[in-house]
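Novice: can you look at this prediction? I've put the sequence above it.
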Amino acid sequence: MAKRHVPPWIGLGELFEAKERLRDLRRTGEGSSCGLWAPATDVYETTAGYVIEMDLPGITQKDVVLEVTANSLAVSGQRPRSDGPAASFHALERDCGPFARSFGLPRDADPEAISANMKNGVLTISIPRKGAEPKRSIQVD
């Protein structure tokens, strides 16, 4: 069985951030009927940079929050519970409530140029590489 390569820039910080967000939601009384969940996500590298694709069916752009720091990207939001027409459910398999994911940014990522769009329930985040540093001459005294 082949080993699956996990890039080193996807860190364990996601686990700790999710735990903190869940603690905050419990303090406010939100999220009590649905638990914290993590959307299915693909992360890949291109020649231009990095791409994150996240499945968020049933969630609108306005319900998604992206926060960027110098070395991390956090994506969070909430999917309300579907009450449906029936008085009682026989199965509840779709995740609901708050979601959170975070990703460490590679050293060559340009946090100022990150862009995102959402189409057909898929959030696509583009993380371009920093431009090459311009060469400069150094005068020797």
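Specialist: Looks like it arrived, so ask away.
Novice: OK, contacts around T41?
Specialist: When the contact criterion is C-beta atoms under 8 Å, 6 or more residues apart in numbering, the partners of T41 are I52, E53, M54, D55, R101. (Each C-beta comes from the backbone N, C-alpha and C, glycine too.)
Novice: what about it, distance to A109?
Specialist: Distance, T41 to A109, by C-beta to C-beta, to the nearest Å: 17 Å.
Novice: same check on A70?
Specialist: For A70 relative to A109 (C-beta to C-beta), the value is 10 Å.
Novice: more neighbours, those two?
Specialist: A109 (22 against 8; other C-beta atoms under 10 Å).
Novice: where do the strands sit along this protein?
Specialist: Applying DSSP state E to the chain gives strands spanning 41-45, 49-55, 64-68, 72-79, 97-104, 115-119, 122-128.
Novice: filter the contacts of T41 down to the buried ones.
Specialist: The neighbour-count test (16 or more other C-beta atoms under 10 Å) marks I52, M54, R101 as buried among the contacts of T41.
Novice: nearest spatial neighbour of the last one, skipping sequence neighbours?
Specialist: By that I understand R101. Spatial nearest neighbour of R101, chain neighbours left out: V75 (5.0 Å); criterion: C-beta to C-beta, 6 or more residues apart in numbering.
Novice: cross-check the contact I'm expecting between that neighbour and V65.
Specialist: Yes: the pair V75 and V65 passes the contact test of C-beta atoms under 8 Å, sitting 7.3 Å apart.
Novice: where does pLDDT dip in the chain?
Specialist: Within the chain, the stretches with pLDDT under 70 are 1-33, 83-87, 89, 132-139, 141.
Novice: pull the residues that contact stretch 55-72.
Specialist: Residues from elsewhere that reach stretch 55-72 (C-beta under 8 Å, 6+ apart): 11, 13, 39-41, 73-79, 94, 99, 102-105, 111, 114, 116, 118, 121-123, 125.
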